[in-house]
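S.K.: Return atomic coordinates for the entry below.
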Amino acid sequence: MTRLARTARLTQFAHGGGSASKIPPGELERVVAGLTAPAGDALLVGGGDGDDAAVLRIAGGRAVVATADFFTPVVDDAYDWGRIAAANALSDIYAVGGVPLMALNLLGWPRDALPAELAREVLRGGRDAAARAGCAIAGGHSIDDPEPKYGLAVTGVADPEHLLRLDGGRPGLPLSLTKPLGLGVLNARHKATGEVFPHAVETMTALNAAASAAALAAGARCATDVNGFGLLGHLYKLARASGVTAVVDASAVGRLDGAAEAVRDGFVPVGTRRNLAWVAPHTDFGRIAEEERLLLADAQTSGGLLVAGEIPGAPVIGELVPRGERTLVVR
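M.R.: Numbers count the residues shown, from 1 in each chain. As a prediction, the model looks like this:
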């Protein structure tokens, strides 16, 4: 590699980082309202609830699953960013109970600012993450872009009778979360200071394949992955779609080492604050402090699965109850 390729801080070429750079959830819902094209009874998942991927019934008792996900650099290491972005895109397939088969690269690259060899490292990271998932990458699309961006368009398959969806929650079901929170604030600290957090990278590159399989094996029918809208944002969407109230035990939610300190030191992404502002009118926070609220709303990148049901190895962080005055209750 050239010296520039070795020393370039990719996060400095982007206004935001990872899934924290998403359009704010409330604004996004207003923009896309009513724009889903009707597809008859064959479209099993993909309507107005905002599920993680679209699912279409096809012949032979199967369903095809499709998603696309890309974002600006969340870490400075090009190879790690590629792995994280790919794992994040693959997660959308796992979140609805599917298995990824094939993906296409989506790459935006500032050709005049960053060397092509760095772009190659990003693509190599994506290839290796997809290979771990048994998913072939078959080309893709690239553009010359002032900000670097990378992700995947992924196609997979699922059993149409055994899907994980937002509207499948029912009162009495426990809530399980398969990865700890704090990725957004640690990534914000990394962007601001250059500090590296290997445990955060390890969490973001971990695939949600085993968690999805465990959820299906346990008979779960409701799940989502926790990404840019934070735990509370994604849980709000799940509870709203299912017509229930979600109760969260804040003390049971796992946090990455250093996450609480990052919040206290002010390394809070704008996306995290937007998430909290979005869910606050629908949430009873009781005596939960502001710093704790920010962590629960923290904009994750390649976070875990949030499952309505119990799965091995995942902490139970709350439960679904009959719909009350508020959609979310945090204790």
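
S.K.: Count the neighbours of Pro269 for me.
M.R.: 26 (other CB atoms under 10 Å). For every residue, glycine as well, the C-beta is placed using N, CA and C.

S.K.: you'd agree Gly286 is in a strand?
M.R.: No. Counting by DSSP: H, G, I helix; E, B strand; the rest coil, Gly286 is not part of a strand but coil.

S.K.: Find the nearest non-adjacent residue to it, please.
M.R.: Closest residue in space to Gly286, ignoring its immediate chain neighbours: Arg331 at 6.0 Å, by CB to CB, 6 or more residues apart in numbering.

S.K.: which stretches of the stretch 51-200 of the chain form helices?
M.R.: 78-95, 116-132, 183-193, 198-205 (DSSP state H, counting those that start in this stretch).

S.K.: got the buried residues for the third one?
M.R.: I take that to be helix 183-193. Neighbour-count burial for helix 183-193, counted by 16 or more other CB atoms under 10 Å, picks out Leu183, Gly184, Val185, Leu186, Asn187, Ala188, Arg189, His190, Lys191.

S.K.: Closest to Val226 out of those?
M.R.: Checking those against Val226 with CB to CB, the nearest one is Leu183 at 9.3 Å.

S.K.: confidence score at that closest one?
M.R.: In the predicted model, Leu183 carries a pLDDT score of 98.

S.K.: I'd like the distance from it to Thr67, if you could.
M.R.: 20 Å (CB to CB, to the nearest Å).

S.K.: and what of His234?
M.R.: 15 Å.

S.K.: Flag the helix or strand of the protein with the lowest per-element mean pLDDT.
M.R.: The weakest-scoring helix or strand in the chain, judged by mean pLDDT, DSSP states H and E, is helix 3-7 (a mean of 59).

S.K.: Of all residues in this structure, which one is nearest the centre?
M.R.: By CA atoms, centre = their mean, the chain has its centre lying nearest to Asn227, at 2.7 Å.

S.K.: and the helices of the stretch 51-200 of the chain as a markdown table, adding distance to His282?
M.R.: Output for the helices of the stretch 51-200 of the chain, formatted as a markdown table (distance: least, CB to CB, whole Å):
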| stretch | distance to His282 |
| --- | --- |
| helix 78-95 | 22 |
| helix 116-132 | 35 |
| helix 183-193 | 20 |
| helix 198-205 | 28 |
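
S.K.: Highest mean neighbour count out of those helices?
M.R.: Highest mean neighbour count of these: helix 78-95, a mean of 28 (counted as mean count of other CB atoms under 10 Å).

S.K.: Report the distance from it to the chain centre.
M.R.: Taking CA atoms, centre = their mean, to the nearest Å, the mean C-alpha location of helix 78-95 is offset from the chain mean by 9 Å.

S.K.: for the record, mean pLDDT for that helix?
M.R.: Helix 78-95 carries an average pLDDT of 98.

S.K.: ditto for stretch 275-283
M.R.: Average pLDDT, stretch 275-283: 97.

S.K.: buried residues in the helix or strand Arg30 falls within?
M.R.: Using DSSP states H and E, Arg30 maps to helix 25-32. For helix 25-32, the buried set under the neighbour-count rule, 16+ other CB under 10 Å, comprises Pro25.

S.K.: Helix or strand next in line after that helix, which one?
M.R.: Where DSSP H and E defines the elements, the next helix or strand beyond helix 25-32 is strand 43-45.

S.K.: and stretch 304-314, C-alpha only, in CSV?
M.R.: In CSV, the C-alpha atoms belonging to stretch 304-314 read as follows (Å, rounded to 0.1, in the frame of the first residue of the first chain):
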residue,chain,number,x,y,z
GLY,A,304,-27.9,-7.8,17.2
LEU,A,305,-31.3,-9.3,16.7
LEU,A,306,-34.2,-8.3,18.9
VAL,A,307,-36.4,-11.3,19.2
ALA,A,308,-39.9,-11.7,20.7
GLY,A,309,-39.1,-15.0,22.4
GLU,A,310,-36.2,-16.7,24.3
ILE,A,311,-33.1,-18.0,22.5
PRO,A,312,-30.1,-19.7,24.0
GLY,A,313,-27.3,-17.3,25.1
ALA,A,314,-29.2,-14.1,24.7
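
S.K.: buried sites along it?
M.R.: Under the neighbour-count criterion of 16+ other CB under 10 Å, stretch 304-314 has Gly304, Leu305, Leu306, Val307, Ala308, Gly309, Glu310, Ile311, Ala314 buried.
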